[in-house]
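[1] Just a sequence and a predicted model for now, questions to come.
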Amino acid sequence: MRLLPYLFLALIQMNTFTYIFLFALVASYSIQFWLSQRQANHVQQHRDAVPEAFKQSISLEAHQKAADYTLDKIKLGTIDGLFGLVVLLLLTFGGGISFAFDFWQGIELSPIMTGVCAMGSLFLVMSVLEIPSSLYQTFVIEEKFGFNKSSYGQFFKDHIMQLALAAAIGMPLLAVILWVMDSVGSLWWLYAWAILMSVSLLMSWLYPTVISPLFNKFTPMQEGELKNRIQGLLARCGFNSQGIFIMDGSKRSGHGNAYFTGLGNNKRIVFFDTLVESLDDEELEAVLAHELGHFKCKHVIKMLIASSVMTLISFGILGWIIDKEWFFSGLGVNNTSHAAALLLFMLVSPAFTLFMQPISAYFQRQFEFEADSFAAKNAQASKLISGLVKLYEENANTLTPDPLYSSFHYSHPPAAIRIAHLESTLQSAG
């Protein structure tokens, strides 16, 4: 009942921006829902036949498992999307944001601490609201398809540690950014961007040795044929790292992966233990060659630059609207502080940036093709193909995604297109 006055105030303050935002929000959700239904229909229609390119390597049973796994995740994703839409409307026009800021202002903290506490409490509430969906994903869907290895104790331990880490890093950073917003004048957004990028780079450098070990155990790869093969690949590619490690991914999930992480002189190569158990030595070498391809082709730097530019543009837009009364009233918020503006911008900007999603996905898929080509030159393309097919099967990745859905959501090329590209590379080399 205490939120009703906020809702009434939001209704009488509706302006042109209100209608623009609601149109963008409905359009964004509708497009995402339509794409999800296209994906579900396409996967269902192709459930009963393995694609021709995979008939010799993947069974009908495995193909149907991947289809059913995909369909279950789409159903949950649709519910999550609708729930997120309702939560956003409750936070804005429903008075959630206004209530939080009024509550913390009533405690008579400093303006910066009021902003930090209000934003922190709202992020905490949103995190808690996401737990039921995460529980269902882990202990119903992942369990149903044989992927879940986690316990309820591990699940909640992970969530508590993630929240604690986010608070330990995020709240001081937020306090600094709010101080900059309040203190350095009209160019605050440029300073705030520089601070955020600096902290992001620092976190990327610290992640392999400080942050990631909080959640997983990393064991140096034992001496032997596999390590010798990988070291030979690293030497051929001119890649220096701080070690090759096996991560205990199997304590949470049956999914497998490999990656390199870190920046500068703090890079690590990491294999999930599940991946090492699934692939042979030559396939592991080929998969790692693909990951090294991202490094050698400077994809990491390119993505970092693109992210930095987009963040700078976002801060610039926020710098323009931060003192515009129509921005706050149009979203049903009666608090016009810089902290409220920052929170509102973070929450509502996704409704206006859907068009960026397929553009970003397109370039990421091109990077995957480039990394595959690099791997084919520095390892055996046939082994990368066989390794990828095993991963598609064991991770239950659908082989028949809807083309339009995948163009929006897939950062990797669909399986058939990716394998065909590798096979053409193999034929050219032959």
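    Received it, and whenever you're ready, just let me know what you need.

[2] Can you list the buried residues in stretch 268-287?
    Residues of stretch 268-287 classed as buried under the neighbour-count rule (16 or more other C-beta atoms under 10 Å) are 268-276, 278-279, 281-287. Glycine gets a C-beta too; all of them are placed from N, C-alpha and C.

[3] Looking at those, which are in strands?
    Counted as lying in strands by DSSP state E, out of the buried residues of stretch 268-287, are 268-272.

[4] If we only consider those residues, which is nearest to Cys297?
    Among those, Ile269 lies closest to Cys297 (C-beta to C-beta), at 16.8 Å.

[5] The closest one touches Ile230, doesn't it?
    Yes: between Ile269 and Ile230 there is a contact at 7.4 Å, judged by C-beta atoms under 8 Å.

[6] Overlap in contacts, the two.
    Shared between the contact lists of Ile269 and Ile230 (criterion: C-beta atoms under 8 Å, 6 or more residues apart in numbering) are residues 244, 288.

[7] after the one helix or strand Ser36 maps to, next one along is what?
    Element membership for Ser36, per DSSP states H and E: helix 16-45. Where DSSP H and E defines the elements, the next helix or strand beyond helix 16-45 is helix 60-91.

[8] mean confidence for that following helix?
    Per-residue pLDDT over helix 60-91 has a mean of 95.

[9] Just want the angle from it to helix 16-45.
    Put simply, helix 60-91 runs at 170 degrees to helix 16-45, going by axes from the mean of the first three to the mean of the last three C-alpha atoms, to 10 degrees.

[10] Give me the buried stretch members for helix 60-91, please.
    Along helix 60-91, the positions that meet the burial threshold by neighbour count (16+ other C-beta under 10 Å) are 62-63, 65-74, 77, 80, 84-85, 87-88, 91.

[11] try stretch 374-387
    Residues of stretch 374-387 classed as buried by neighbour count (16+ other C-beta under 10 Å): 374-376, 378-381, 383-387.

[12] how about these, which pair is most distant?
    Phe374 and Ser386 (17.9 Å).

[13] List the residues that contact the residue nearest to Leu318 when sequence neighbours are not counted.
    Nearest residue to Leu318 in three dimensions, chain neighbours excluded: Phe345, at 4.9 Å (C-beta to C-beta, 6 or more residues apart in numbering). Phe345 makes contacts with 314, 317-318, 321, as judged by C-beta under 8 Å, 6+ apart.

[14] TSV please, covering those residues and showing distance to Leu190, secondary structure and pLDDT.
    Below are the contacts of Phe345 laid out as TSV (distance: C-beta to C-beta, whole Å; DSSP: H, G, I helix; E, B strand; the rest coil; pLDDT from 0 to 100):
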residue	distance to Leu190	secondary structure	pLDDT
Ser314	12	helix	94
Ile317	13	helix	95
Leu318	12	helix	95
Ile321	16	helix	93
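
[15] quick check, nearest of those residues to Thr16?
    Set against Thr16, the nearest of the contacts of Phe345 by C-beta to C-beta is Ile321 (13.5 Å).

[16] Leu304: neighbour count?
    For Leu304, the tally of surrounding residues (other C-beta atoms under 10 Å) stands at 16.

[17] before we move on, the earlier item: for the residue nearest to Leu318, report the pLDDT, please.
    On pLDDT, Phe345 comes in at 95.

[18] How about Gly77: what's its closest non-neighbour residue?
    Computed as C-beta to C-beta, 6+ apart, the closest residue to Gly77 that is not its neighbour in sequence is Ser36, at 6.3 Å.

[19] What count of nearby residues applies to the one you found?
    Counted with other C-beta under 10 Å, the burial measure for Ser36 works out to 20 neighbours.

[20] For it, give me its contacts.
    Per C-beta under 8 Å, 6+ apart, neighbours of Ser36: 74, 77-78, 81, 405.

[21] what two of these are the furthest from one another?
    Maximum pairwise distance in those, criterion C-beta to C-beta, is 13.8 Å, between Gly81 and Tyr405.

[22] what pLDDT, on average, does stretch 290-306 get?
    This predicted structure assigns stretch 290-306 an average pLDDT of 89.

[23] Show me which residues of it are buried.
    With burial defined by 16+ other C-beta under 10 Å, the residues of stretch 290-306 counted as buried are 290-295, 299, 304.

[24] quick one: which of those sit in helices?
    Secondary structure from DSSP state H places 290-295, 299, 304 of the buried residues of stretch 290-306 in helices.

[25] Of these, just say which sits nearest to Gly106.
    Nearest to Gly106 among these: Leu304, at 41.8 Å, using C-beta to C-beta.

[26] Next one: the closest one from Glu370, what distance?
    The gap separating Leu304 from Glu370 is 16 Å, by C-beta to C-beta, to the nearest Å.

[27] Please apply the same query to Ala286.
    15 Å.

[28] Confirm Thr219 sits in a helix?
    No: counting by DSSP: H, G, I helix; E, B strand; the rest coil, Thr219 falls outside a helix, being strand.

[29] so where do the strands sit in the stretch 151-300 of the chain?
    When assigned using DSSP state E, counting those that start in this stretch, the strands of the stretch 151-300 of the chain occupy the ranges 218-220, 244-247, 258-261, 268-272.

[30] which one of those has the lowest average pLDDT?
    Looking across the strands of the stretch 151-300 of the chain, the weakest by mean pLDDT turns out to be strand 258-261, at a mean of 75.

[31] mind listing what it pairs with, with the direction of each?
    Sheet neighbours of strand 258-261, with direction, are listed as strand 268-272 (antiparallel) (DSSP bridges).

[32] can I get the CA coordinates of the strand it pairs with in PDB?
    Presented in PDB, the C-alpha positions along strand 268-272 are these (Å, rounded to 0.1, in the frame of the first residue of the first chain):
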ATOM      1  CA  ARG A 268      46.500 -18.500 -18.000                       C
ATOM      2  CA  ILE A 269      45.300 -21.300 -20.100                       C
ATOM      3  CA  VAL A 270      42.400 -23.300 -18.500                       C
ATOM      4  CA  PHE A 271      40.800 -26.600 -19.400                       C
ATOM      5  CA  PHE A 272      37.700 -27.800 -17.700                       C
END
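
[33] Can you give the distance of that strand from its chain's centre?
    When distances are taken as C-alpha atoms, centre = their mean, to the nearest Å, strand 268-272 is centred 19 Å away from the chain's centroid.

[34] can you list the weak-confidence ranges in the stretch 1-150 of the chain?
    The stretch 1-150 of the chain contains residues with pLDDT under 70 at 1-13.

[35] where along the stretch 151-300 of the chain do the helices fall?
    Ranges of helices within the stretch 151-300 of the chain are 152-183, 188-206, 225-237, 273-278, 281-296, 299-321, based on DSSP state H, counting those that start in this stretch.

[36] out of these, which comes closest to Ser28?
    Put simply, out of the helices of the stretch 151-300 of the chain the one that sits nearest Ser28 is helix 299-321, at 16.7 Å, with distance taken as C-beta to C-beta.
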